[in-house]
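Novice: Fold the following for me, if possible:
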Amino acid sequence: AAVGASHAAKDAQIVCFTDVVTAKETLPTLLAARERGENLTVVCTNTQWLPRQLSLARYFRAGYTAAASVGFPDDTIQKLVKCRDKRGFRFVDVLCPEPAVWDIEPSMTVSVARLASQTKLWLLYEAEDGYAKLTRRPDVEPVERYLESHGRARRAVPDAGPLQRFTDRYWKQLADGMLL
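Specialist: Residues are numbered from 1 along each chain as shown. Alright, predicted model coming up:
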């Protein structure tokens, strides 16, 4: 519906909020909207993320895309303001740990989201017109610390070694300029 509204009202600022499951299911529609240059901002609340899954923002290589986190509200707000000031397709994937799904206390939501970035598992970045940059460099923590922070990660990744190697390789690619 948001894509259709964007198409019908060229000058309107259309903002669509979606969860990650719906975003994955409608990915072909969102990619088509991006290709058409729809004037649409999609804000995805990513509650289902697991280590080794990169942000959905990587699929959208045109316009403005970003990965944000409730762990860093100032960074997230800056990205949303940037969306407001741009035209065309914009996509912001916001890491939002769901306490019931992630097996954490509600009071831990922000700290677990922050830890995902500090362990280099969830990059905070933005990409404009094919150029990507980090918006916040992490205070590097070992992956094991993140895995210990909540039940879902402990169950999904019983051994931190392979995940730490994956993260280290990914960051080497980042340093070599091969991000996203």
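
Novice: Please make it C-alpha for all contacts and neighbour counts, starting now.
Specialist: Fine.

Novice: Can you get me a residue count around the closest residue to Cys16 other than its chain neighbours?
Specialist: Nearest residue to Cys16, sequence neighbours excluded (Cα to Cα, 6 or more residues apart in numbering): Val42, at 4.8 Å. When neighbours are counted by other Cα atoms under 10 Å, Val42 registers 21.

Novice: what's downstream of the one helix or strand Val42 maps to, the next helix or strand?
Specialist: Here Val42, judged by DSSP states H and E, is contained in strand 40-46. Per DSSP H and E, the first helix or strand lying C-terminal to strand 40-46 is strand 64-69.

Novice: Quick check: neighbours of that next one in the sheet, parallel or antiparallel?
Specialist: Strand pairing for strand 64-69, using DSSP bridges, gives strand 89-95 (parallel), strand 125-128 (antiparallel).

Novice: Wasn't Cys16 part of a strand?
Specialist: Yes - Cys16 sits within a strand when classified using DSSP: H, G, I helix; E, B strand; the rest coil.

Novice: Out of the strands paired with strand 64-69, which is the most enclosed?
Specialist: Highest mean neighbour count of the strands paired with strand 64-69: strand 89-95, a mean of 27 (counted as mean count of other Cα atoms under 10 Å).

Novice: Just the CA coordinates for it, please, in CSV.
Specialist: C-alpha atoms of strand 89-95 as CSV (Å, rounded to 0.1, in the frame of the first residue of the first chain):
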residue,chain,number,x,y,z
PHE,A,89,13.8,5.4,-2.0
ARG,A,90,15.2,5.2,1.6
PHE,A,91,15.5,2.1,3.8
VAL,A,92,16.6,2.1,7.5
ASP,A,93,17.0,-1.3,9.2
VAL,A,94,16.8,-0.7,13.0
LEU,A,95,18.0,-3.5,15.3
